[in-house]
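In: here's a sequence, model it:
(one chain, ligands or ions: 1)
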Amino acid sequence: MSDPTVIELRGAAFGHEDRTVVSDIDLTVRQGEVVAVLGPNGAGKSTLVKGLLGLVELQAGSARVLGSPIGSRPAHNGIGYVPQRHTLASAVKATAAEIVTMGRTVRTPWWAPWRIRSAGNRAIVREALAVVGLGTLAAHDVATLSGGQQRRVLIARALASRPEVFLMDEPTAGVDRGHQQVLVAVMRRLVERGATLVVVTHELDALADLVTRAVVVSGGRISHDGPPEEIAPHAVDHTHHVGEDEPPPSPVPTTFLPTTGGPR
Ligand SMILES: Nc1ncnc2c1ncn2[C@@H]1O[C@H](COP(=O)(O)OP(=O)(O)OP(=O)(O)O)[C@@H](O)[C@H]1O
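Out: Below is the predicted model of the structure:
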């Protein structure tokens, strides 16, 4: 790649209808970086990632991915997206292999849709499922898989599209420690092959060896941007328990507390 800039946001604001969620975002991500996006619940991390996909409105500034405006076909086709929630996987009647095959849509000419089931694509789908440890579950209905398995199906779908950039929204959430290590190994291999990773996470520890840069989103702005070890411990702590636009939780009423020996 001659220009190593993969993502370029200048004064960008993203939001929904008349509500701006994140603003004044200046962010340049270069090829091969592994950027962790941290911040409390509701800070705007997912909105920022969806903004990069063109799924959320760009309300101010400029935003380019792989040299093209966000939402354009070259920008969109170069991104492998792992969404935060797996509603699609649980709502759709499809096998794991069928979901992963959807990742090949962007590599299939519109005038030859039948090619999505070519022998080459079937091999890519098999490989992607094997890489995330789901080779034996390819023919299983996704609705019958566990939450962590469905998450890995969505990661396999992103792998199958062979993108230059991965946007992963909490890829390790709900995934057991052993499979988290498998995913981290997969992510490391992707970076070695030249991919760029932007990963929203509340579990920086799981990705600590991989992350080259940490961006903290707080109050709808980027409040920190630098090497992960430079992120002040209080800033990372903050990401774990302080809600952004919610009141603090109320004390648990005593009626919710277990009684010792009495009626329940
Ligand atoms: N489709 C939508 N329409 C309107 N507001 C939305 C929509 N999606 C998210 N929001 C709001 O945008 C704000 C930021 O949400 P977002 O999901 O980006 O936060 P987050 O940092 O990813 O949180 P979490 O850590 O809980 O996943 C929240 O107040 C949320 O209610």
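
In: show me the helices in the stretch 51-200 of the chain, by range?
Out: Under the criterion DSSP state H, counting those that start in this stretch, helices of the stretch 51-200 of the chain are mapped to 73-77, 87-91, 96-101, 119-131, 147-160, 177-192.

In: does anything pack onto the third one? Which helices or strands?
Out: Think helix 96-101. Applying 3 or more C-beta pairs under 8 Å, 6 or more residues apart in numbering; DSSP states H and E, we find helix 96-101 packed against helix 119-131, helix 147-160. Where C-beta positions appear, they are placed from N, C-alpha and C, glycine not excepted.

In: now the longest one
Out: Under the contact definition 3+ C-beta pairs under 8 Å, 6+ apart, helix 177-192 sits against helix 147-160, strand 196-200, helix 204-207.

In: in that helix, which residues are buried?
Out: Residues of helix 177-192 classed as buried: His179, Gln180, Leu183, Val184, Val186, Met187, Leu190, Val191 (neighbour count, 16 or more other C-beta atoms under 10 Å).

In: also compute the angle for it relative to helix 119-131, please.
Out: Angle, helix 177-192 to helix 119-131, by axes from the mean of the first three to the mean of the last three C-alpha atoms, to 10 degrees: 130 degrees.

In: what lies in contact with helix 177-192?
Out: 32, 34, 131-133, 148, 152, 155, 159, 166, 171-172, 175, 197, 199, 203, 206-207, 209-210 (C-beta atoms under 8 Å, 6 or more residues apart in numbering).

In: hang on, Val198 packs against Arg30?
Out: No. The pair Val198 / Arg30 is not scored as a contact, 11.7 Å apart, by C-beta atoms under 8 Å.

In: out of the two, which sits in the busier spot?
Out: Counted by other C-beta atoms under 10 Å, Val198 and Arg30 do not tie: Val198 has more neighbours, with 24 against 16.
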